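J.: take a look and give me a structure for this.
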Amino acid sequence: MLRVHFTPDDLLQVTLAPAPAPLMELVLATAMLQQQDIDPVFRRWQHRSLRTLPRAAHPLLDLIPPTGKGPLFLDPLSRGLDDGLDQVRASPAAFVQADLKRVCAADRMPTAWTIRLAQRDRDAWQILHNGVRAGHDALLVPAWERITSGFDTERAWRTQNLARHGLRQMLAGLTHGIRWSGTVLEICSPEHREIHLAGRGITVLPSACWAGRPLIGVYPHGPAVLVYPAVTPLPLLEEPSATDPVAALLGRTRAAILALLTRQRTTTDVARELDISKSSASEHTKALRHARLIVSQREGQAVWHTCTPLGLGLIGSAGPISPGTCNPVPPAQG
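T.: Down below sits the predicted model:
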């Protein structure tokens, strides 16, 4: 069992990840490729992905075990691939060596390549760089719009659950096998480990590419990360539909703005992401606010907007909307 010890400071620093993390999803997808007794939902995806995985990505199979407990330096929380690769390259040598030693001792035999990685060999790191890019392009890029839309739906639901029922119930309800014992979060796992957050806090991250037990990553700096399987896994995330009942009700622009505001954004953010003027974004958010679909709060020169439960319910009843196309995405199944 994993036992995660929270201090009062940790409980004040529980956050939901703002977006899917591409390197984290890549590591977990690579782990799923190797599972012998894979969740049936992922079976066809696994067979198809193994057939089409480029040779340049095969070194990742030497580095990432099917348990998903790969090197922590390889899966930082990042908003994009390039940002993530920069963080990987900047990993301290001692952290890389200790992490590779841990992975090899638990799940993987060291290879000539992983030994050279630990030694910071330039050619070995170039192989890693190429493998990450190839794996990302093959496993994630074709599905990234679906992954992002599913993530937004999941995050909106968890946010609403947090507001209605509080932190304890939100965390305990992430997936089966999680319960509280005082201020200790107990996670059913074959691994026996006591994790003391010690004031660093924790970030909660759903993964569409993972169907296993929740995983905890404790990094040298920043919060720990709790990864759990999203309610709707990648193979069940459907493409956007051709019809949009919310757009028919609100208009395409306001429907798209409502979809964006499942995550808090400023008026400037809305204008930039939808390529409209700031004055137009302000008028649309005003109309949505008067309809009680969003709430707004001023901080200095910025005005922040986010969906109300009514707005989230409207999106959920018609299927979450993809802001880029103003088309709905079917609601999470489960």
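J.: can you pull out the low-pLDDT segments for the stretch 201-334 of the chain?
T.: Low-confidence segments of the stretch 201-334 of the chain, defined by pLDDT under 70: 239-249, 316-334.
J.: do a quick rundown of the strands in it.
T.: 202-207, 215-217, 224-229, 265-266, 294-299, 302-307, 321-322, 327-328 (DSSP state E, counting those that start in this stretch).
J.: which one of those is the most hemmed in?
T.: With neighbours defined as mean count of other Cβ atoms under 10 Å, the strands of the stretch 201-334 of the chain peak in mean count at strand 321-322, which reaches a mean of 26. In short, each C-beta sits where N, CA and C put it, glycine included.
J.: output the strands of the stretch 201-334 of the chain as CSV; include the columns distance to residue 76.
T.: As requested, the strands of the stretch 201-334 of the chain are exported to CSV (distance: least, Cβ to Cβ, whole Å):
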stretch, distance to residue 76
strand 202-207, 11
strand 215-217, 9
strand 224-229, 9
strand 265-266, 24
strand 294-299, 28
strand 302-307, 26
strand 321-322, 26
strand 327-328, 32
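J.: and the ones you listed: which comes nearest residue 285?
T.: Closest of those to residue 285 is strand 302-307, at 5.3 Å (criterion: Cβ to Cβ).
J.: work out the gap between that closest one and the centre of the chain.
T.: Chain-centre distance of strand 302-307: 22 Å, with Cα atoms, centre = their mean, to the nearest Å.
J.: parallel or antiparallel, which strands does it pair with?
T.: Strand 302-307 has the following strand partners under DSSP bridges: strand 265-266 (antiparallel), strand 294-299 (antiparallel).
J.: would you map out the domains in the chain?
T.: 2-17+145-236, 22-144, 245-328 (automatic domain parsing).
J.: for the strands of the stretch 201-334 of the chain, which one sits closest to residue 98?
T.: Going by Cβ to Cβ, the one of the strands of the stretch 201-334 of the chain nearest residue 98 is strand 215-217, 13.9 Å.
J.: contact partners of whatever helix or strand residue 99 lives in?
T.: Element membership of residue 99, judged by DSSP states H and E, is helix 93-106. Contacts with helix 93-106, where a contact means Cβ atoms under 8 Å, 6 or more residues apart in numbering, come from 63, 65, 67, 69-73, 110, 114, 117-118, 120, 220.
J.: farthest pair in those?
T.: Using Cβ to Cβ, the contacts of helix 93-106 span at most 25.7 Å, a distance reached by 67 and 120.
J.: comparing those two, which residue is more hemmed in?
T.: residue 67 (18 against 12; other Cβ atoms under 10 Å).
J.: that one - that's part of a helix, no?
T.: No - with DSSP: H, G, I helix; E, B strand; the rest coil as the criterion, residue 67 is coil rather than part of a helix.
J.: for it, give me its contacts.
T.: Applying Cβ under 8 Å, 6+ apart, the residues contacting residue 67 are 31, 106-107, 212.
J.: go again with 10 Å.
T.: 31, 34-35, 103, 106-108, 190-191, 212-213, 215 (Cβ atoms under 10 Å, 6 or more residues apart in numbering).
J.: go on, residue 161?
T.: Residues counted as contacts of residue 161 (Cβ under 10 Å, 6+ apart) are 169-171, 173-174.
J.: what distance do you get for it to residue 294?
T.: Going from residue 161 to residue 294 by Cβ to Cβ, to the nearest Å gives 19 Å.
J.: of the contacts of residue 67 - the most surrounded one?
T.: Most neighbours among those, by other Cβ under 10 Å: residue 215, with 26 neighbours.
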